[in-house]
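Engineer: Have a look at this fold, sequence not included:
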């Protein structure tokens, strides 16, 4: 849509006025940026980032990209790395490369199970392990996205970070220390 208007009367926002105001300002800025750079530019950048990521990451059999691939898909990825829990993958990207991502799947619930192809038997096994205190049994994926406003250098850094960890996870994963 073109020519959107966001109208907020800050007097009617209630006790969380500061937070609500910051959300309203953020939404207004997003609309202004979209109008300034144009949807065509955004679409080209998104397509280029998605194609670059798929070209690099599809080479790694242990790196799983969850979800269907559709035309004109945004460069938003749900990733899994065999043998590396999602929370750890997220930490590795942050600690070793400064790449900020999100992990988990609780908000996705049953959809997350479908994406990760977790059936009833595996789900029950995971639940038992989690209830026994094994946090690593929690299912999940690492989510990241590419903004149309990213510089080529920053996009390349993200691509490279995922690529390097997927190519040799053992170089980045620290061994689990067990107490005697």
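Structural biologist: Sure thing, it's come through. Note that the structure is predicted; figures quoted are calculated from it, not measured.
Engineer: and the host helix or strand of residue 28, which residues are buried?
Structural biologist: Applying DSSP states H and E as the criterion places residue 28 in helix 17-37. Buried residues in helix 17-37, defined by neighbour count with 16 or more other Cβ atoms under 10 Å: 24, 31, 34. Just so you know, the C-beta spots here come from the backbone N, C-alpha and C atoms, and that holds for glycine as well.
Engineer: I'd like to know which of these is nearest to residue 132.
Structural biologist: Residue 132 lies nearest to residue 24 out of these, by Cβ to Cβ, at 45.4 Å.
Engineer: What's the mean pLDDT across stretch 126-134?
Structural biologist: Here stretch 126-134 scores 85 as its mean pLDDT.
Engineer: Could you point out the helix or strand that follows the lowest-mean-pLDDT helix or strand in the chain?
Structural biologist: The least trusted helix or strand in the chain, going by mean pLDDT, DSSP states H and E, turns out to be helix 110-115, with a mean of 76. Moving toward the C-terminus from helix 110-115, the next helix or strand (DSSP H and E) is helix 120-131.
Engineer: How about residues contacting that next one?
Structural biologist: Helix 120-131 has contacts (Cβ atoms under 8 Å, 6 or more residues apart in numbering) with 113, 118, 137, 138, 139.
Engineer: show me where pLDDT drops low in the protein?
Structural biologist: Filtered on pLDDT under 70, the chain yields the residue ranges 1-16, 105-108, 175-180.
Engineer: center of it, which residue is that?
Structural biologist: By Cα atoms, centre = their mean, the mean C-alpha position of the chain lies nearest to residue 143, the distance being 1.5 Å.
Engineer: ok so it is a strand residue?
Structural biologist: Yes. Residue 143: assigned to a strand according to DSSP: H, G, I helix; E, B strand; the rest coil.
Engineer: My read is that it contacts residue 102, right?
Structural biologist: Yes. Residue 143 lies in contact with residue 102 (Cβ atoms under 8 Å); the separation is 4.8 Å.
Engineer: Quick one: end-to-end distance for stretch 121-139.
Structural biologist: Start-to-end span of stretch 121-139 (Cα to Cα, to the nearest Å) is 14 Å.
Engineer: Having no further points to raise, I will conclude here.
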